[in-house]
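Undergrad: Fold the following.
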Amino acid sequence: MEAEPPRNNCGELLLTQQFLNACEFNYGVLCSSKELNEKPFVSKYMNIVDPLLANNNLGGSIHKGT
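TA: Residues are numbered from 1 along each chain as shown. A predicted model of the protein is given here:
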């Protein structure tokens with residue numbers, strides 16, 4: 001899963017690629033082998049990706065009202 005970086009009105013990136021790469025290097029976490037073997041992200045009514053565990057849907061307990 002990959003999000004597009006935000007853009008300003010000039011069409012230029014608000015955050016430089018160098019800054020994004022530095023953030024990924026400093027704060028990024030590699031998936032453990034346990035995470036790779038778990039079930040994939042399951043889509044629900046509302047999907048909220050857990051930033052610490054990519055296959056965990058935090059919106060799993062939210063249900064569409066009638």
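Undergrad: Ranking helices and strands of the chain by mean pLDDT, which lands last?
TA: Of all regular secondary-structure elements in the chain, judged by mean pLDDT, DSSP states H and E, the least confident is helix 33-37 with a mean of 60.
Undergrad: Quick check: what element follows that one along the chain?
TA: If you walk from helix 33-37 toward the C-terminus, the next helix or strand you reach (DSSP states H and E) is strand 49-50.
Undergrad: Could you list every helix and strand in contact with that next one?
TA: In terms of contact count using 3 or more Cβ pairs under 8 Å, 6 or more residues apart in numbering; DSSP states H and E, strand 49-50 is assigned the packing partners strand 53-57. Any C-beta I mention is one placed from the backbone N, CA and C, and that applies to glycine too.
Undergrad: Could you pull out the buried residues of the one helix or strand Phe19 maps to?
TA: Secondary-structure element containing Phe19, defined by DSSP H and E: helix 17-27. Within helix 17-27, no residue counts as buried by 16 or more other Cβ atoms under 10 Å.
Undergrad: for the record, mean pLDDT for that helix?
TA: Over the span of helix 17-27, the pLDDT mean works out to 87.
Undergrad: Equivalent analysis for stretch 43-58, please.
TA: Per-residue pLDDT values over stretch 43-58 give a mean of 77.
Undergrad: Quote the end-to-end distance of it.
TA: Between the opening and closing residues of stretch 43-58 lies a distance of 10 Å (Cα to Cα, to the nearest Å).
Undergrad: list the buried ones in it?
TA: Neighbour counts over stretch 43-58 (16+ other Cβ under 10 Å) mark Asn57 as buried.
Undergrad: could you measure Asn57 against Leu30, distance?
TA: 21 Å (Cβ to Cβ, to the nearest Å).
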